[in-house]
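>>> Below: sequence and its predicted model.
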Amino acid sequence: MSKKTIDTSGFSCPQPLLMVKKALESESQDFSAIIDTEVARENISRFLDNENVDYEVEKEPERYIFKIKR
Amino acid sequence: MSDNKFIIISGGIIGLLAALLVRAGNPANMGICMACFFRDIAGGLGLHRADIVQNLRPEIVGFVLGGFVLAKYKGEVKPRTGSNPLLRFLMGAFMAIGALVFLGCPWRMILRLSGGDLTAIAGLIGYLAGIYVGVLFLRQGFTLGRAYYNVNPASGYVIPAVFLGVMVFRLANPEFIFLSEAGPGSQFAPVGLALGAGLLVGGLAQRSRICTAGAFRDMFLIRDNHLLNGVLMIFGVALAANLVLGQFNLGFAEQPVAHNEVIWNFLGMTIVGITAVMLGGCPLRQTILASEGDLDAGLTVVGLIVGAAFAHNFGLAASPEGVGFNGRVATILILAIVLIIGFVNVQQNNRAKG
């Protein structure tokens, strides 16, 4: 089964964080999020840490893939 | 250093520099003020002819170049555009007009409070109210849309180059540049010091992502006090420095470059709060984003300059005597327009989603 991916590329703050937050509230399965700015990476990492959410970050050229566990 | 420590230290240094810039010659409680400085630049370039507020402020040049150099060094300059540039321009102009009805951007609001200016309290409450309204729009689905990276990489140099040009004009002082001989525009810290402080603030702001709108927005939205810690440090250190330097003057009466019309202080900053959340940052943050190659933020900065020029050409900006009739009408109209933009945006976005 393919996991859902949220693409936050090109959105300015706090939009990427809101998109991840929304998915966190509605998704029951693991999902990925594409993050393309350092600011969003920092914000979302801090948010997920504060919420005690399990996640991994993979660095790709020009972007990060957050693998978020439910 | 952890992010949390860094933003606290950044806030502290910025607060100290703001107090020192006043000591060195800037107008009272105006060590840093984006709205005032963009207004002065608009005047210096002759876009408005209010002869007491014309100057090419090196601090702004420093913010842009400091932000640009550090972003470049960290590989964070990524030219991008396409996230509703025209609307961002317009909202930048509205933001400047709202700030000039209050007589200061959110940073100066904090610095006015740190100088004992209690008339800024109404502005702070208005700013919080505006941010809260902005957050309600965000929760309903407000967005200005995605930006794209399919622009020439050299585009990232445009905004830094423009402000480098402003600095050249300031130093060369050709006959078409206006520098006030009286009033706030004539009060300034030595150029080298102002530029140096600006570079430092720009660099710290770029690395720490400090933002007065983000500070309160994140509290409302996700109960995150990270940015707020930095903003509180600006206030605390500037307060301490003002007390030590004899720049603290507690009260409502006769505050420098300020008025005490509660309702207009409140509504002016409400406009700034809503637009800052919709745009994704306060005027300083927009300036830093512009320095990082966010061309839409660059247009917001141009909007701030144009809005500030209109604020004086149309008699919308307040004076220490208060807000005139034109300014009051503009405040109400802009507030209504911003709310309409918010409602229409939310409605369209939700319709697009089905």
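Thanks, I have the structure now.
>>> Let me know the helix or strand that A:E58 is in.
Here A:E58, judged by DSSP states H and E, is contained in strand A:55-60.
>>> try A:A33
Element membership of A:A33, judged by DSSP H and E, is strand A:31-35.
>>> What residues sit buried inside stretch B:171-179?
B:177-179 (16 or more other C-beta atoms under 10 Å in any protein chain shown). C-beta: built from backbone N, CA, C; applies to glycine.
>>> got it, and stretch A:13-33?
A:13-21, A:23-24, A:31-33.
>>> residue of chain A with the smallest distance to chain B?
Going by C-beta to the nearest C-beta, chain B is nearest to A:G10 of chain A, at 3.7 Å.
>>> Give me the neighbour count for that residue.
Per other C-beta atoms under 10 Å in any protein chain shown, the neighbour tally for A:G10 reads 18.
>>> wait, doesn't it sit right on B:V151?
No: the criterion here is C-beta atoms under 8 Å, and A:G10 misses it with B:V151 at 11.7 Å.
>>> intersection of neighbour lists for those two?
Counting by C-beta atoms under 8 Å, 6 or more residues apart in numbering or on different chains, the contacts common to A:G10 and B:V151 are B:R80.
>>> So B:V338 versus chain A, what's the distance?
18 Å (C-beta to the nearest C-beta, to the nearest Å).
>>> now what about the strand holding A:E58, what contacts it?
A:41, A:45, A:48, A:64-69.
>>> and these, which are buried?
Using 16+ other C-beta under 10 Å, the buried ones in the contacts of strand A:55-60 are A:41, A:45, A:48, A:64, A:66, A:68.
>>> hang on, isn't B:Q247 packed against B:L21?
No: with contact defined as C-beta under 8 Å, B:Q247 does not count as touching B:L21 (10.8 Å).
>>> Give me the nearest residue to the residue of chain A closest to chain B, chain neighbours excluded.
The shortest distance from A:G10 to any residue other than its chain neighbours is 3.7 Å, reached at B:R146 (C-beta to C-beta, 6 or more residues apart in numbering or on different chains).
>>> got the contact list for that neighbour?
So B:R146 contacts A:9-11, B:82-83 (C-beta under 8 Å, 6+ apart).
>>> any chance of those residues in TSV, with distance to B:G25, pLDDT and secondary structure too?
Shown next, in TSV, are these (distance: C-beta to C-beta, whole Å; pLDDT from 0 to 100; DSSP: H, G, I helix; E, B strand; the rest coil):
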residue	distance to B:G25	pLDDT	secondary structure
A:S9	45	95	coil
A:G10	42	95	coil
A:F11	41	95	coil
B:G82	41	97	coil
B:S83	38	97	coil
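>>> Next one, pLDDT for A:S2 please.
For A:S2, the pLDDT comes out at 59.
>>> Could you report the neighbour count for B:F169?
For B:F169, using other C-beta under 10 Å, the count is 16.
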